[in-house]
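Visitor: give me coordinates for this.
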Amino acid sequence: MDFERARLTPDGQVEIPMGPNGEMIGSVHLKHAMDGVPPEYHPKVVQMIGNKIAQYLRIKGWKERVETFQKDLDAAIKVDLGQFRRRENSPHKISCQKGCSYCCYMNIAIFKEEARLLASKIKKKKIKFNRKEYEYQVGKGMNTPEDYWNDPRPCIFLDTKTRSCNIYDDRPATCRKYFVVNKPSLCKIEAGSSDKVASPPMINSEILYTAFSHATESVDCGPMPMMIKAELEK
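Guide: Prediction:
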């Protein structure tokens with residue numbers, strides 16, 4: 001990867017030349033987080049992403065790599081939320097709280113290493129998961145947000161009785177960095193109000209997410225049930 005020629009495009013994509021032919025890869029995850037960030041700081045953001053990609057690539061073991069990423073991400077989230085709460089002019093507050101599980105009915109994309117970590121713990125029976133729900137979603141081939149809009153299904157790791165997460169400590173990055181400042185009910189898929197969902201800027205978290213997405217064994221992400229299925233069948 002040629003980090004020296006990495007750049008942030010006007011629409012929020014990070015482009016990094018890769019391979020012998022200088023192919024470009026991009027990520028749109030910084031688009032919202034970069035709102036309000038002065039353009040003169042954009043090169044610094046790209047440099048930070050490049051440095052984290054290099055750091056993650058130096059970690060040879062997949063398990064150590066994903067666990068390091070999770071630890072980094074938790075620290076970044078703490079910084080992002082702290083900065084958001086300290087903003088004097090912000091009329092919004094984080095509305096997420098324990099027991100609110102509306103977002104647990106969304107289509108969640110996870111990285112290959114995250115799926116491998118969860119699959120390994122399922123095989124060792126270290127975590128609980130809803131096998132019936134898993135088989136339903138896999139059997140239906142639920143791959144897109146539209147699939148879940150048309151047929152809202154709970155996360156295979158959600159305890160629907162207590163509305164708590166069975167894998168909270170191992171939850172995917174998409175779940176870790178998801179926070180909203182709107183009424184929790186607006187996150188409900190059946191409400192059809194996804195355009196009204198508002199999230200706080202999470203620039204530090206998105207830098208890490210973007211970096212890890214380019215340092216994984218496969219750049220591709222996929223819906224949680226299908227990604228876990230692929231790992232369980234190995």
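
Visitor: excluding chain neighbours, what is closest to the residue nearest the centre of the chain?
Guide: For the chain, the residue sitting closest to the mean C-alpha position, by CA atoms, centre = their mean, is residue 174 at 2.1 Å. For residue 174, ignoring the flanking residues on the chain, the nearest one in space by CB to CB, 6 or more residues apart in numbering is residue 108 at 5.2 Å. For glycine as for every other residue, the C-beta is placed from the backbone atoms N, C-alpha and C.

Visitor: list the buried residues for the helix or strand containing residue 149?
Guide: Secondary-structure assignment from DSSP states H and E places residue 149 in helix 145-150. Neighbour-count burial for helix 145-150, counted by 16 or more other CB atoms under 10 Å, picks out 147, 148.

Visitor: average pLDDT across that helix?
Guide: Helix 145-150 comes out with an average pLDDT of 80.

Visitor: output it as PDB, nothing but the C-alphas.
Guide: Backbone C-alpha positions of helix 145-150 (Å, rounded to 0.1, in the frame of the first residue of the first chain) are rendered in PDB as follows:
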ATOM      1  CA  PRO A 145     -31.000  -4.400   4.700                       C
ATOM      2  CA  GLU A 146     -34.100  -4.800   2.600                       C
ATOM      3  CA  ASP A 147     -34.400  -8.500   3.800                       C
ATOM      4  CA  TYR A 148     -34.600  -7.300   7.400                       C
ATOM      5  CA  TRP A 149     -37.000  -4.400   6.500                       C
ATOM      6  CA  ASN A 150     -39.400  -6.900   5.000                       C
END
